[in-house]
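1. Show me the folded form of this:
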Amino acid sequence: MNAETKPVVVINIFTPKPGALDDFLALQTAALPGLRAGATGSRGSRLFRAEDHSKAVMVSVFDTAEDFKRFSESVPFAAHRAKMLQFLEKADAGRYQLVYQAGDV
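-> Okay, here's the model as predicted:
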């Protein structure tokens with residue numbers, strides 16, 4: 001399997017503006033089903049809230065790097081990103097490769 005056909009795991013760490021975490025999460029949970037439905041090659045995602053309410057983390061998996069690129073450059077995602085930014089101080093994203101796996105998570 002070459003790099004272009006390996007699944008792509010994207011991890012986003014969101015730091016909300018003070019008092020904005022719940023609004024950010026509400027926006028995300030409302031928008032994500034529609035965004036995912038239009039995203040070819042999306043395997044799914046998980047959205048987590050830090051127990052101390054300081055951050056949110058999203059883990060998304062795409063079939064290929066090209067699928068992720070197409071999604072991240074899409075008009076619907078750009079519109080969603082603009083809405084997200086009003087609630088965020090910072091967003092850090094990175095692509096990761098699986099090194100070890102145990103169980104069904």
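2. Show me where this protein has its strands.
-> Using DSSP state E, the strands of the chain run over residues 8-16, 42-49, 56-62, 88-96.
3. The third one pairs with which strands, and in what direction?
-> It stands for strand 56-62. Looking at strand 56-62 with DSSP bridges, its partner strands are strand 8-16 (antiparallel), strand 42-49 (antiparallel).
4. how far off strand 88-96 does it point, in degrees?
-> 40 degrees (axes from the mean of the first three to the mean of the last three Cα atoms, to 10 degrees).
5. Can you list the buried residues in strand 56-62?
-> Going by neighbour count (16 or more other Cβ atoms under 10 Å), the buried part of strand 56-62 is 56, 58, 60, 61, 62. Bear in mind the C-beta positions are built from the backbone N, C-alpha and C, glycine included.
6. pLDDT weak spots in this structure?
-> For the chain, the stretches with pLDDT under 70 are 1-5.
7. Mind picking the two most distant members of the buried residues of strand 56-62?
-> Within these, 56 and 62 form the most distant pair, 19.6 Å apart (Cβ to Cβ).
8. name the helices or strands packed onto the longest helix along the chain?
-> The helix that spans the most residues within the chain, counting by DSSP state H, is helix 21-37. Secondary-structure packing of helix 21-37 (3 or more Cβ pairs under 8 Å, 6 or more residues apart in numbering; DSSP states H and E): strand 42-49, strand 56-62, helix 75-85.
9. ok, back up a step: mind putting the buried residues of strand 56-62 into a markdown table with distance to residue 71?
-> Listed next are the buried residues of strand 56-62 as a markdown table, based on distance: Cβ to Cβ, whole Å:
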| residue | distance to residue 71 |
| --- | --- |
| 56 | 19 |
| 58 | 13 |
| 60 | 9 |
| 61 | 11 |
| 62 | 7 |
